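Peer 1: From the sequence below, what's the structure:
(one chain, ligands or ions: 1)
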Amino acid sequence: MTAEIINGKDLAQELRMAMKEEVAALIQDGITPQLTVVLVGDNPASRSYVKGKEKAASEVGIDSSLIELPNSTTEDELLKLIQKLNEDAGVHGILVQLPLPKQIREQEVIEAISPSKDVDGFHPISIGRMITGEDTFLPCTPYGIITMLKSRNIKIEGKHAVIIGRSNIVGKPVGQLLLNENATVTYCHSRTADLKTYTQDADILIAAIGRANAITSEYIKEGAVVIDVGINRLDNGKLTGDVDFEGALEKASFVTPVPKGVGPMTIAMLLKNTIKAAKGLNNVGK
Ligand code: NDP
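Peer 2: Residues are numbered from 1 along each chain as shown. Below is the predicted model of the structure:
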């Protein structure tokens, strides 16, 4: 079997074209969606993610602004800035790029963002609403993954979805969204004994580990749908996923590449959330 490749770059481009029209209509009604991104410190990877987000936002007509703060910023200073942005009616979405310097507690910062502007979907109110299945801002990477599956009409209901990774931003929420779609979900992590036993039974396999090419073809069930979330930089400078792509191509029915897979979809979903915020569709906890 040769798997079909789900190209996240192309799908994200299609979504951006549709969003461009949505934003143009909003602007006609006097609302220009505004996303404010806060970058603390000089992490090169964070800087490059932020640039990608700004570029995508401007492509669809979302107004984005970047606030850059030095590495020495205190938690108090950052919290005060967030408070100001929360109160600014011209700001619809607030994104604080993670990770933060070690003197700043990330959870404090996440919880300081108004849930009505929480376009990253990391606030406990957003997470709680996701778990209860209510309308909310969904975290961008898991939301992007579900959108990729749906774009190919991949059946989720009744399928066994195995997630490798249990982070708060990827593993846990993607499992929850799949559960909401009536999959049977298994979470695996670094303490899982005999990982293969689980992955070999997966109809939908999500790898969110952060280890280059760790998931080789013997982990994959024939015909499975394989979603590779990992972004790993090799010594030669190239980016690669958590899945051995060539091996997956031979065994899976669908596979996502890295790059051009989940990454661009994550950004597209951030734009979707920003438009939702501008429309005032998430009024909880204002
Ligand atoms: P974390 O480091 O927070 O989580 C990694 C998870 O993998 C942990 O739950 C860990 O288990 C588990 N793990 C580590 N080693 C193994 C192993 N040998 N076997 C099984 N499980 C293991 O990472 P993130 O969730 O933030 O990100 C995961 C990957 O996805 C990274 O490469 C990251 O760069 C990428 N990413 C990509 C995004 C995109 O847009 N494409 C967005 C966000 C992340 P334990 O909990 O026990 O430690």
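Peer 1: Give me every residue in the stretch 151-286 of the chain that's in contact range of the ligand.
Peer 2: 164-167, 169-171, 188-192, 195, 208-211, 229-232, 262-263, 266 (C-beta under 6 Å from any ligand atom). (Each C-beta comes from the backbone N, C-alpha and C, glycine too.)
Peer 1: residue ranges for the helices of the chain, please.
Peer 2: 8-28, 44-60, 75-87, 106-112, 124-132, 140-151, 171-180, 195-199, 245-251, 262-278 (DSSP state H).
Peer 1: so which of those is the most packed in?
Peer 2: helix 262-278 (a mean of 25; mean count of other C-beta atoms under 10 Å).
Peer 1: for Arg105, what are its contacts?
Peer 2: By C-beta atoms under 8 Å, 6 or more residues apart in numbering, Arg105 lies in contact with Glu75.
Peer 1: any idea how far it is from Asp76?
Peer 2: Relative to Asp76, Arg105 is positioned 11 Å away (C-beta to C-beta, to the nearest Å).
Peer 1: can you tell me which residues contact the residue in the stretch 1-150 of the chain that the ligand sits nearest to?
Peer 2: Minimum separation of the stretch 1-150 of the chain from the ligand (C-beta to the nearest ligand atom) falls at Thr141, amounting to 4.3 Å. By C-beta under 8 Å, 6+ apart, Thr141 lies in contact with Ile169, Val170, Pro173, Val174, Val229, Val262, Met265, Thr266, Met269.
Peer 1: now do Met1
Peer 2: Glu222, Gly223, Glu250, Lys251, Ala252, Ser253.
Peer 1: pretty sure the last one contacts Ile220?
Peer 2: No. Counting by C-beta atoms under 8 Å, no contact exists between Ser253 and Ile220, whose distance comes to 10.2 Å.
Peer 1: out of those two, which sits in the busier spot?
Peer 2: Applying other C-beta atoms under 10 Å to Ser253 and Ile220 shows that Ile220 carries more neighbours, namely 26 against 17.
Peer 1: Make sure that one is actually in contact with Phe245.
Peer 2: No. Look at Ile220 against Phe245 with C-beta under 8 Å: they stay out of range, at 11.4 Å.
Peer 1: that older thread, need the helices of the chain in TSV with mean pLDDT, can you?
Peer 2: Formatted as TSV, the helices of the chain follow (pLDDT from 0 to 100):
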stretch	mean pLDDT
helix 8-28	98
helix 44-60	95
helix 75-87	98
helix 106-112	98
helix 124-132	98
helix 140-151	98
helix 171-180	98
helix 195-199	98
helix 245-251	97
helix 262-278	98
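Peer 1: re the thing from before, filter the residues of the stretch 151-286 of the chain next to the ligand down to the ones in strands?
Peer 2: The strands, defined by DSSP state E, take in Ile164, Cys188, Asn232 from these.
Peer 1: Need the residues you listed in CSV (columns: pLDDT and distance to Glu54).
Peer 2: Output for those, formatted as CSV (pLDDT from 0 to 100; distance: C-beta to C-beta, whole Å):
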residue, pLDDT, distance to Glu54
Ile164, 99, 31
Cys188, 98, 35
Asn232, 96, 24
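Peer 1: Select from those the one having the most neighbours.
Peer 2: Most neighbours among those, by other C-beta under 10 Å: Ile164, with 28 neighbours.
Peer 1: Dig out what that one forms beta bridges with.
Peer 2: Cys188, Ala207 (DSSP bridges).
Peer 1: follow-up on the earlier one: of the contacts of Met1, closest to the ligand?
Peer 2: Of all these, the one sitting nearest the ligand is Ala252; the distance, using C-beta to the nearest ligand atom, is 17.9 Å.
Peer 1: wait, what's in contact with the closest one?
Peer 2: Met1, Ala3, Ile220, Gly223, Ala224, Val225, Val226 are the contacts of Ala252 under C-beta under 8 Å, 6+ apart.
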